[in-house]
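Student: what follows is a predicted structure for the sequence shown.
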Amino acid sequence: MTKPPLTLYLAAPRGFCAGVDRAIKIVEMAIQKWGAPVYVRHEIVHNKFVVDALRDQGAVFVEELDDCPDDRPVIFSAHGVPKAVPAAAAKREMIYVDATCPLVSKVHIEAQRHADNGLQMIMIGHEGHPETIGTMGQLPEGEVLLVETVADVATVQVRDPARLAFVTQTTLSVDDTAGIVAALQARFPAIIGPHKEDICYATTNRQEAVKAMAPKCDAMLVVGAPNSSNSRRLVEVGARAGCTYSQLVQRAADIDWRALDGIGSMGITAGASAPEVLINEVIDAFRDRYDVTVEMVETAKEDVEFKVPRVLREPA
Ligand code: 2E4
Ligand code: SF4
């Protein structure tokens, strides 16, 4: 039987960012340096495949520092942790390595600096997400106000509208965030913030590529996990940019082939925590069923790299 033709658009950039590369390397190098088990507080990045592979190498994933023994090293995930977490590890004299992405740490420093200058902080982020918990946890409980939507901006109660600053989660929708920032600036003209927001280069680039790709596609798949904020934003961006069938898949087995019946073009991208092997698995699944022509939709080139912490570059 001849296979139907399919143009497969591949977004670039897609998949792993520099912060994810570094975080995974930190776990691998820690296991090499100290032997197994090495504890990891929270999924190092939001991807089951990455977590399972590291578990096979000797990582033990836990949600709380209290679940770690004193005498084994612990790594904090790429999303960042409240200040109380490294403080508690230090008090227990544990070896700990912080795999927080440097671009998240930068936001932590910003929040602290504004608070030191006497400004009340507002965070634009998703409630309950570990990055939001980590960034808000740079300051004492109740000091950072959270807004998630434009509607929240209308009701947020501030101490002094003249002494305010904002920070954001790094993985938000660029367009939604612009709306929330505009609403903040309209209600609090004196509010201080970053140039635009704290959304990182990788989030911005992956959303831009999807915007360029989506209008050409009958359907679009984002390889990523359901708890991955940046991956879920890519699904939304694709739908808004004109590709009505925009879905998240963890791997090829998740593809709903019946829903794709009759398509002639397909877009594929991946969140910052999704490994290339899973993207290739998805592409191969299309090659099995279609006569595929691959076309790249490249909107940026990335060459960002982050060093691992010094303790892992030194001999044991
Ligand atoms: C840390 C910061 O934040 P999100 O849920 O998108 O995290 P994920 O692990 O999916 O992606 C990597 C990452 C980690 C992104 N920003
Ligand atoms: Fe860092 Fe951005 Fe990657 Fe998050 S998505 S880990 S902030 S580079």
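Tutor: Thanks, I have it. Ligands and ions are numbered 1, 2, ... in the order given.

Student: what lies in contact with the one helix or strand Ile279 maps to?
Tutor: Using DSSP states H and E, Ile279 sits in helix 276-289. Taking contacts as C-beta atoms under 8 Å, 6 or more residues apart in numbering, the residues outside helix 276-289 that touch it are 3, 6, 8, 10, 14-16, 49, 221, 223, 249-252, 255, 257, 266, 268, 270, 292, 294. No exception for glycine: its C-beta is placed from N, CA and C like everyone else's.

Student: wait, what's in contact with the residue in the stretch 151-300 of the chain that ligand 2 sits nearest to?
Tutor: Relative to ligand 2, the nearest point of the stretch 151-300 of the chain is Cys200 (3.1 Å; C-beta to the nearest ligand atom). Residues near Cys200 by C-beta under 8 Å, 6+ apart: Cys17, Gly19, Cys101, Leu103, Thr170, Thr171.

Student: tell me the confidence at the nearest residue to the fourth one once chain neighbours are set aside?
Tutor: Of all residues not flanking Leu103 in the chain, Cys200 sits nearest, at 4.5 Å (C-beta to C-beta, 6 or more residues apart in numbering). At Cys200, the predicted lDDT confidence score is 98.

Student: how near is Cys200 to Ala78?
Tutor: 11 Å (C-beta to C-beta, to the nearest Å).

Student: mind pulling the model confidence for the closest residue to ligand 2 within the chain?
Tutor: At 2.5 Å from ligand 2, Gly19 is the closest residue in the chain, using C-beta to the nearest ligand atom. Gly19 is assigned a predicted lDDT (pLDDT) of 99.

Student: before we move on, what SS does it have?
Tutor: Reducing the assignment at Gly19 to three states with DSSP: H, G, I helix; E, B strand; the rest coil gives helix.

Student: what's the next secondary structure element after the helix or strand hosting Val292?
Tutor: In this assignment (DSSP H and E), Val292 forms part of strand 291-298. Next helix or strand after strand 291-298 toward the C-terminus (DSSP H and E): helix 310-313.

Student: residues contacting that following helix, please?
Tutor: Residues from elsewhere that reach helix 310-313, judged by C-beta under 8 Å, 6+ apart: Ile26, Met29, Ala30, Lys33, Val97, Lys307.

Student: for PyMOL, write the select line for the buried members of those residues.
Tutor: Buried members of the contacts of helix 310-313 can be picked out in PyMOL with the line below, counting by 16 or more other C-beta atoms under 10 Å:
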select buried, resi 26+29+30+33+97
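
Student: of the contacts of helix 310-313, which belong to strands?
Tutor: Val97 (DSSP state E).

Student: contacting residues for Thr168?
Tutor: Thr168 touches Val107, Met123, Ile124, Gly125, Thr177, Val181, Pro194, Glu197, Asp198, Ile199, counting by C-beta under 8 Å, 6+ apart.
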